[in-house]
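Enquirer: need coordinates for the following:
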Amino acid sequence: MQTQISRRQFIRLSALGSGGLLLAACGVSTQPLTPTTVPPTAVPPTKAAAAAQEEKVLISDVLDYQLTSDEWPGDFGSVTFKLHEGQYNGEPIYFIRTDAGDSDFAAANGLVFVPLLNAGRDVAAPLYVFGDGRAPVFSRTPAEETYTSLFQIKNVTVSDDSADLSSAEAIEQAVSDGKASLEDGSFVNFPVVKWPGGELAEDTERETYLGTGQLLGPVDTDKMTVTFKLHQCFPGSRYIITDTSIAAMAPMMSIPASPPNAALMDTGATDEIWVFANGLAGSGVMGFQPAIFDNQAGQPAWSPFWNHFTVKWTDESKAKVLRNSTEIRDLISSGDLELFNGVPDSHPTGFVVNCPVPVLAPNTFTG
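Expert: Model prediction:
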């Protein structure tokens, strides 16, 4: 049974890094593919990633987006995705598609190519995909403690029409009985947004980063769309939040827990992000300046699975706008920034947050 924290504890942790808690806090191509092989750990970049100079949509399933809006008081935009339907034990399940570890698969499906996803082989759950148009079959949902948003596609070839293909267990039995066969495909980041008995929470207040959820409306299974809050991050990125490995905090963050994703930190499938616990007021998760990615989406060393860190100015009067990882590392080395794994209260234990980037855009935060 997962341990949960109380709202009182959540507020206390949030004070140390409020939004940090957050951070602490079918359209699938069926062509068989062989996953791209990459080293388990990426070589750190020699210099900071350059910021986006113009707006660019990275994911073809993005139907609409806005960087800001006067429709709500919160300092965030919105992004609407095309919804995809799958099956879980014979019931409908709905998901979005954001990233893939195989370059050909990513290009064919309009996803962000993320080589580091291949380092998550031991974490990924199977996702069964068919070539006859039937909905893909999921092996995990956010209702389970074993849920992960990282999947490996298993291309299913059916040789006996009598085979039961209604669930992951049934498919594996069909394979064992010689009625079907499997071929490994790409590793993918396909966050589930609606599942039997639940769905991602809607923010009915639309005032703060966390609020009461990360959706700006219920999952629309009639129009097959879902709209997320769209948050700003350096360098030049706009991201969404779908799940976190830190199960105890997930309920207060109003997103699903994905405990297996914690292992991605050890396999080399994550990229680093730094969230600010003090300094200049802004739209960041803790109420200060926007966070900083080590790399920009689309670069080989980037991953949507954040290895979450918090930094705190040792002398807040020296706080200034920071824009890239080189500045962060230099100030940590000089002692101007104090570094925490995860958030201050979780240090030295870190955690992972799944934050895909559907849009690149110039940063607007100036302090």
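
Enquirer: my guess is Met252 is in a helix, correct?
Expert: Yes: assessed with DSSP: H, G, I helix; E, B strand; the rest coil, Met252 lies in a helix.

Enquirer: need the pLDDT of it.
Expert: On the pLDDT scale, Met252 is placed at 83.

Enquirer: what's the distance between it and Thr141?
Expert: With distances taken as CB to CB, to the nearest Å, Met252 is found 21 Å from Thr141. From N, CA and C alone the C-beta is placed, and that goes for glycine too.

Enquirer: distance of Lys320 from Glu54?
Expert: Relative to Glu54, Lys320 is positioned 25 Å away (CB to CB).

Enquirer: repeat for Trp306
Expert: 24 Å.

Enquirer: neighbour count for these two, which is higher?
Expert: Each of Trp306 and Glu54 has its neighbours counted (other CB atoms under 10 Å); Trp306 has more, 30 against 8.

Enquirer: wait, doesn't the more buried one sit right on Asp271?
Expert: Yes: counting by CB atoms under 8 Å, Asp271 is a contact partner of Trp306 at 6.6 Å.

Enquirer: what's the closest non-adjacent residue to Val114?
Expert: Asp99 (4.5 Å; CB to CB, 6 or more residues apart in numbering).

Enquirer: OK, contacts around the one you found?
Expert: Ala106, Leu111, Val112, Phe113, Val114, Leu117, Val188, Asn189, Pro304, Pro356 (CB atoms under 8 Å, 6 or more residues apart in numbering).

Enquirer: just put these in JSON lines and tack on distance to Ser78.
Expert: Shown next, in JSON lines, are the contacts of Asp99 (distance: CB to CB, whole Å):
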{"residue": "Ala106", "distance to Ser78": "24"}
{"residue": "Leu111", "distance to Ser78": "20"}
{"residue": "Val112", "distance to Ser78": "19"}
{"residue": "Phe113", "distance to Ser78": "25"}
{"residue": "Val114", "distance to Ser78": "23"}
{"residue": "Leu117", "distance to Ser78": "26"}
{"residue": "Val188", "distance to Ser78": "24"}
{"residue": "Asn189", "distance to Ser78": "20"}
{"residue": "Pro304", "distance to Ser78": "18"}
{"residue": "Pro356", "distance to Ser78": "15"}
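
Enquirer: now render those residues as CSV, adding secondary structure and distance to Gly284.
Expert: Output for the contacts of Asp99, formatted as CSV (DSSP: H, G, I helix; E, B strand; the rest coil; distance: CB to CB, whole Å):
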residue, secondary structure, distance to Gly284
Ala106, helix, 29
Leu111, coil, 27
Val112, strand, 23
Phe113, strand, 27
Val114, coil, 24
Leu117, helix, 26
Val188, strand, 29
Asn189, strand, 23
Pro304, coil, 18
Pro356, coil, 18
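
Enquirer: can you flag the buried ones in the residues you listed?
Expert: Neighbour-count burial (16 or more other CB atoms under 10 Å) applied to the contacts of Asp99 gives Ala106, Leu111, Val112, Phe113, Val114, Leu117, Val188, Asn189, Pro304, Pro356.

Enquirer: now the last one: closest residue in space, sequence neighbours ignored.
Expert: Read it as Pro356. Thr98 (3.7 Å).

Enquirer: right, and the helix or strand after the helix or strand bottoming out on mean pLDDT in the chain?
Expert: Ranked by mean pLDDT, DSSP states H and E, the weakest helix or strand in the chain is helix 7-23, scoring a mean of 34. Note on helix 7-23: by DSSP states H and E, the next helix or strand toward the C-terminus is strand 56-57.

Enquirer: that following strand pairs with which strands?
Expert: Applying DSSP bridges to the sheet, strand 56-57 is found paired with strand 359-360 (antiparallel).

Enquirer: quick check: mean pLDDT of the strand it pairs with?
Expert: The average pLDDT within strand 359-360 is 98.

Enquirer: so, low pLDDT: which residues of the protein?
Expert: Low-confidence segments of the chain, defined by pLDDT under 70, span residues 1-52.

Enquirer: quick one, helices of it?
Expert: Here the chain has its helices, by DSSP state H, at 7-23, 103-109, 168-176, 250-253, 264-267, 325-334.

Enquirer: mind checking how far Thr221 is from Ala168?
Expert: Where Ala168 is concerned, Thr221 sits at a distance of 22 Å (CB to CB).

Enquirer: I meant to write Pro358 there.
Expert: 28 Å.

Enquirer: one more: Ala263?
Expert: For Ala263, the distance to Ala168 equals 20 Å [CB to CB].

Enquirer: who has more neighbours out of these two?
Expert: Comparing Ala263 with Ala168 by other CB under 10 Å, the one with more neighbours is Ala168, at 20 against 16.

Enquirer: list the contacts of the residue sitting nearest the centre point of the chain.
Expert: The residue lying closest to the centre of the chain (CA atoms, centre = their mean) is Asn354, at 2.3 Å. Going by CB under 8 Å, 6+ apart, Asn354 touches Ser149, Asn189, Pro191, Ile241, Thr242, Asp243, Thr244, Ser258, Asn261, Pro304, Phe305, Trp306.

Enquirer: of those residues, closest to Ser60?
Expert: For these, the closest approach to Ser60 (CB to CB) belongs to Asn189, at 14.6 Å.

Enquirer: that closest one reaches Thr270, doesn't it?
Expert: No: the pair Asn189 / Thr270 is not scored as a contact, 12.0 Å apart, by CB under 8 Å.
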